[in-house]
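Chemist: what follows is a protein structure lacking sequence information:
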Ligand SMILES: Nc1nc2c(ncn2[C@@H]2O[C@H](COP(=O)(O)OP(=O)(O)OP(=O)(O)O)[C@@H](O)[C@H]2O)c(=O)[nH]1
Ligand SMILES: [Mg+2]
């Protein structure tokens, strides 16, 4: 399809065009730049981006299914980006999150896209951010991003999302310890899923303690118990999401986050675009220096060269 | 700037039988050979499979059926794809399929058919070839 056909298709919400456009953006294809240039930034203004992260098997996809059902009940058009890791050995990936959201496979207002992390140099954020904007341009009012909480990629997702939900379940004690270090600090709401299983109350208590200061400050409860497999707790969760989002809009947190996210995404792309030149420069100047000093030297030389020959 | 992009394929199981060992085996084998494989689980309708393939913009679809309903289900997926404007996506099928049915299915437009005896390497090569023949190979304008 030609670029203008794709863009017309996007405006008309044609699923094939939307799918094609996402591929172009994801693969940095020949039409990518023209597509990005044509996207209306204002489309994001009325969009809510929710990040859903947590350890493997905690129930993220099942919960996503619950949120889809709830939001579709209210008539919202939805986009879902489900990210799974690529195999570092083969480069391939098995993307299975759709299994739990196939109930909505025939709903034209639920656009689901699976993405492999692909060990992207600029971080997942560099690509997923553009996919979010495509989905917004396709009329999606709420965009859910599911990602497994095990490494750097979910920190990237956190940066993209207006609100981040961490999904936990009883029996993930070690994961919680590991995540407390960084992820919990950037989590907005903690979903204690599998509330039907023993240990859920203890999990809620432990998590409430982690959020105590924040919840005391604004009176918003941040730990929500759910049984996603039985669609229990979804409306309470959605209420808390809406309450917190309204608060963030009011006090400017959302605007700040979006601005920071744009900055980081731009920086990621700058580094990505500079990479080949820098690599060439490094290879062209073999020096017996400590790498850090060599880098400083390289940047100084670069700046110097630039001043010598202004363009 | 980008190096080679992995092929995206969708593996689906139409029909009512609940055995997806074959489908999962192929899905894993493809992943281990560098494909990005979207797996949609058991008991999907042809329409659901077509809609998912379009949203995911896959270069090829693999269907698995053990229920004996392949003569009905595989062509039904082709029809659903055509109805949704994606008749160009190649569809490969696998299962316990008698020789005479293979001819029928290929004539109906299936890209390739595999049986339990087909070596995994042959299947992977067939997917690779299918991904390169489809409209994805010349995805530029
Ligand atoms: N008992 C119980 N099981 C649940 C609940 N929610 C989800 N499950 C089950 O937990 C398993 C994993 O659920 P998923 O939704 O696939 O979990 P996930 O976090 O998306 O998993 P990955 O994408 O593989 O990381 C499935 O077997 C679900 O049926 C729940 O509330 N209670
Ligand atoms: Mg999942």
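Modeler: Noted; the coordinates are in hand. What you see is a predicted model; the values in this text were computed from it and never measured. Residues are numbered from 1 along each chain as shown, chains lettered A, B, ... in the order given. Ligands and ions are numbered 1, 2, ... in the order given.
Chemist: so residue B:64 sits in a helix?
Modeler: No: under DSSP: H, G, I helix; E, B strand; the rest coil, residue B:64 sits outside any helix and is assigned strand.
Chemist: surely it meets residue B:26?
Modeler: Yes: contact criterion Cβ atoms under 8 Å: residue B:64 and residue B:26 qualify, at 7.0 Å. Using the backbone N, CA and C atoms, a C-beta is placed for each residue, glycine as well.
Chemist: between those two, what contacts are shared?
Modeler: B:11, B:94 (Cβ atoms under 8 Å, 6 or more residues apart in numbering or on different chains).
Chemist: quick check: residues of chain A near chain B?
Modeler: Selection of chain A residues close to chain B by Cβ under 8 Å from any Cβ of the partner chain yields A:1-3, A:14-16, A:18-20, A:22-24, A:27-31, A:86-87, A:89-96, A:98-99, A:102, A:105-106, A:111-114, A:116, A:118, A:276.
Chemist: just the buried members of those residues?
Modeler: Neighbour-count burial within the residues of chain A next to chain B applies to A:1, A:3, A:14-16, A:18-20, A:22-24, A:27, A:29, A:31, A:86, A:91-96, A:98-99, A:102, A:105, A:111-114, A:116, A:118; the criterion is 16 or more other Cβ atoms under 10 Å in any protein chain shown.
Chemist: for the closest residue to ligand 2 within the stretch 101-250 of chain A, give the beta-bridge partners.
Modeler: At 5.8 Å from ligand 2, residue A:146 is the closest residue in the stretch 101-250 of chain A, using Cβ to the ion. When assigned by DSSP bridges, residue A:146 has beta-bridge partners residue A:52, residue A:82.
Chemist: separation between it and ligand 1?
Modeler: 7 Å (Cβ to the nearest ligand atom, to the nearest Å).
Chemist: go on, residue A:3?
Modeler: Distance from residue A:3 to ligand 1, by Cβ to the nearest ligand atom: 34 Å.
Chemist: unless I'm mixing things up, that residue is touching residue A:32, no?
Modeler: No: contact criterion Cβ under 8 Å: residue A:3 and residue A:32 do not qualify, at 9.8 Å.
Chemist: strands of chain B, residue ranges please.
Modeler: Secondary structure of chain B by DSSP state E: the strands cover B:8-12, B:36-39, B:60-65, B:91-95, B:112-114.
Chemist: please give the element, helix or strand, for residue A:17.
Modeler: If you go by DSSP states H and E, residue A:17 is part of helix A:15-26.
Chemist: between that helix and strand B:8-12, how big is the angle?
Modeler: With axes from the mean of the first three to the mean of the last three Cα atoms, to 10 degrees defining the directions, helix A:15-26 sits at 130 degrees from strand B:8-12.
Chemist: which strands or helices does helix A:15-26 pack on?
Modeler: helix A:3-11, helix A:32-38, strand A:110-116, helix A:125-137, helix B:46-56 (3 or more Cβ pairs under 8 Å, 6 or more residues apart in numbering or on different chains; DSSP states H and E).
Chemist: as a markdown table, those with mean pLDDT and distance to residue A:259 would be great.
Modeler: As requested, the helices and strands packed on helix A:15-26 are exported to a markdown table (pLDDT from 0 to 100; distance: least, Cβ to Cβ, whole Å):
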| stretch | mean pLDDT | distance to residue A:259 |
| --- | --- | --- |
| helix A:3-11 | 96 | 25 |
| helix A:32-38 | 96 | 19 |
| strand A:110-116 | 95 | 24 |
| helix A:125-137 | 89 | 13 |
| helix B:46-56 | 96 | 31 |
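Chemist: want to throw those into CSV with distance to residue A:233?
Modeler: CSV is the format used below for the helices and strands packed on helix A:15-26 (distance: least, Cβ to Cβ, whole Å):
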stretch, distance to residue A:233
helix A:3-11, 35
helix A:32-38, 38
strand A:110-116, 21
helix A:125-137, 26
helix B:46-56, 27
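Chemist: how about the contacts made by the residue most central in space within chain B?
Modeler: The centroid of chain B falls nearest to residue B:62 when counting by Cα atoms, centre = their mean (1.5 Å). Contact analysis of residue B:62 by Cβ under 8 Å, 6+ apart lists B:9, B:10, B:11, B:12, B:23, B:26, B:30, B:91, B:92, B:93, B:94, B:127.
Chemist: so where's chain A shaky on pLDDT?
Modeler: Applying pLDDT under 70 to chain A flags the ranges A:120-126, A:150-154, A:173-183, A:309-311.
Chemist: how about the strands in it?
Modeler: In chain A, the strands defined using DSSP E lie at A:48-54, A:78-84, A:93-95, A:110-116, A:142-148, A:163-168, A:189-192, A:223-225.
Chemist: for residue B:77, which non-adjacent residue is closest in space?
Modeler: Take residue B:77 and drop its neighbours on the chain: the residue closest to it by Cβ to Cβ, 6 or more residues apart in numbering or on different chains is residue B:46, 4.4 Å away.
Chemist: I'd guessed the one you found sits against residue B:14; true?
Modeler: Yes: between residue B:46 and residue B:14 there is a contact under Cβ under 8 Å: 5.8 Å.
Chemist: what sits in contact with each of the two?
Modeler: B:73, B:76, B:77.
Chemist: just the helices in chain B please.
Modeler: Assigned by DSSP state H, chain B shows helices spanning B:21-32, B:46-56, B:70-83, B:99-108, B:120-133.
Chemist: mind putting those helices into a markdown table with mean neighbour count?
Modeler: A markdown table is the format used below for the helices of chain B (neighbours: other Cβ atoms under 10 Å in any protein chain shown):
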| stretch | mean neighbour count |
| --- | --- |
| helix B:21-32 | 20 |
| helix B:46-56 | 24 |
| helix B:70-83 | 20 |
| helix B:99-108 | 13 |
| helix B:120-133 | 17 |
